[in-house]
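Visitor: Here is the input, now give the coordinates:
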Amino acid sequence: MDKLTVRKAVIPAAGFGTRFLPITKSVPKEMLPIVDKPAVQYIVEEAVDSGIKEILIIANRFKRCIEDHFDKNYELENLLKRFDRTDDLKTVLMSHLDAEFTYVRQKEMRGSGAAVGLARSFVKDEPFAVLFADDVIYNANKPCTRQLIEAYEKTRLSVVGVQSVSDKTALKCGVIKKGAVKGRYTEIKGIVEKPSDINALPSNLASLGRFVLTPDIFDALERTALRNNEVFLTDAIDLVAREAGAYAYEFEGERYDIGDRVGFLIANIEYGLRDKRAGGELKKYLSELNRGGGDN
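Guide: Next comes the predicted model:
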């Protein structure tokens, strides 16, 4: 076969979401809405719009509602049909999400690498995409994951989605040790996970929750040392990069860190402004608020 196709995606979504307590005591962080859709649906839509046909969501026993969300709800569908609410029915049916869903429970929280390791039997011997649920990325023209798939098809090596970020943001991410640079492609010489301080930053190219990985990541995960009793995916990618080679690809798009309260609020505002039904009124309100006309 001349051209490999990335058909599978893995979405780790098993964390407890403690930064959003108390709501995450009973509602998974991935189900918190950005405007009128749960955050995880934006992630799934990106995968599907990128050509992915099989999706594995890694969750835990407290997050069954994620599975319910992507399942059918016959009672609600019949109600919407009866009242001729066609547009609402389309959103509930989610017929645009033409993909097969699989779910796995992560019984013990041992880091992002341990979560991805659970996907081995799902992935088998194929390249696959990984989309972290804390990162929502907006691109109206070409989804971030589609960009990384195309980068993989050119390099045939694992690809990490990156952008150049501020020092403050880089300290919270996996940061690329840069090799040769050609356009949006940067050879990965190593990755430093959450550098200790600004002086330890190897660059400002930060991994932002999107990857296309080759199956050798699973052997690398098994050989990756624990840190604070966790396996970090970036540590395993660092190993793959040193042994087989890997690239960072600087993708186009607006990334929202919805694992952060302010990032989540910004995502709601900006997606709200893009919303056909609410955008006009929201823009008017924000304009009035900026002029001092809003209520305190």
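
Visitor: Do you have the strands of the protein handy? List them.
Guide: Along the chain, counting by DSSP state E, strands occupy 8-12, 33-34, 37-38, 54-59, 100-105, 128-131, 135-138, 158-164, 174-182, 185-193, 205-213, 246-250, 254-257.

Visitor: Specify the stretch among those strands that is closest to Pro22.
Guide: strand 33-34 (16.7 Å; C-beta to C-beta). No exception for glycine: its C-beta is placed from N, CA and C like everyone else's.

Visitor: returning to that earlier point: reformat the strands of the chain as CSV; add mean pLDDT and distance to Pro22.
Guide: Rendered in CSV, the data for these read as follows (pLDDT from 0 to 100; distance: least, C-beta to C-beta, whole Å):
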stretch, mean pLDDT, distance to Pro22
strand 8-12, 97, 23
strand 33-34, 96, 17
strand 37-38, 96, 18
strand 54-59, 96, 20
strand 100-105, 95, 24
strand 128-131, 98, 27
strand 135-138, 97, 23
strand 158-164, 97, 32
strand 174-182, 96, 30
strand 185-193, 95, 29
strand 205-213, 97, 25
strand 246-250, 98, 38
strand 254-257, 96, 21
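
Visitor: Dump these to TSV, plus distance to Arg146 and mean neighbour count.
Guide: Formatted as TSV, those follow (distance: least, C-beta to C-beta, whole Å; neighbours: other C-beta atoms under 10 Å):
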stretch	distance to Arg146	mean neighbour count
strand 8-12	11	26
strand 33-34	20	16
strand 37-38	20	18
strand 54-59	15	22
strand 100-105	19	14
strand 128-131	9	27
strand 135-138	11	22
strand 158-164	11	25
strand 174-182	20	17
strand 185-193	16	20
strand 205-213	10	25
strand 246-250	11	25
strand 254-257	15	20
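
Visitor: Which parts of the stretch 1-150 of the chain are helices?
Guide: 39-49, 64-69, 74-82, 86-93, 112-117, 120-123, 144-155 (DSSP state H, counting those that start in this stretch).

Visitor: ok, longest helix in this protein?
Guide: helix 261-274 (DSSP state H).

Visitor: Show me what counts as buried in it.
Guide: Neighbour-count burial for helix 261-274 flags 263-264, 267-268, 271-272 (criterion: 16 or more other C-beta atoms under 10 Å).

Visitor: nearest to Thr91, of the strands of the chain?
Guide: Using C-beta to C-beta, the nearest of the strands of the chain to Thr91 is strand 37-38, at 8.1 Å.

Visitor: Tell me who's in contact with Ser203.
Guide: Counting by C-beta atoms under 8 Å, 6 or more residues apart in numbering, Ser203 makes contact with 175-178.

Visitor: Let's see that with 10 Å instead.
Guide: Listed by C-beta atoms under 10 Å, 6 or more residues apart in numbering, the contact partners of Ser203 are 162, 164, 170, 175-178, 186, 189, 192, 248.

Visitor: Could you report the separation of it from Ile191?
Guide: 10 Å (C-beta to C-beta, to the nearest Å).

Visitor: Show me whatever sits in contact with both of those two.
Guide: With C-beta under 10 Å, 6+ apart as the test, Ser203 and Ile191 both reach 162, 175-177, 248.

Visitor: just the residues you listed now: which is nearest Lys90?
Guide: Val162 (35.4 Å).

Visitor: Now the phi/psi pair for the closest residue to Ser164 other than its chain neighbours, please.
Guide: Distance criterion C-beta to C-beta, 6 or more residues apart in numbering; nearest residue to Ser164, sequence neighbours excluded, is Asn204 at 5.0 Å. Main-chain dihedrals, Asn204, degrees, to the nearest 10: phi -110, psi 10.

Visitor: ok, Asn204 to Glu250 distance?
Guide: From Asn204 to Glu250 the distance is 11 Å (C-beta to C-beta).

Visitor: Spell out which residues are contacts of both of those two.
Guide: Joint contacts of Asn204 and Glu250 (C-beta under 10 Å, 6+ apart) are 162-164, 176.
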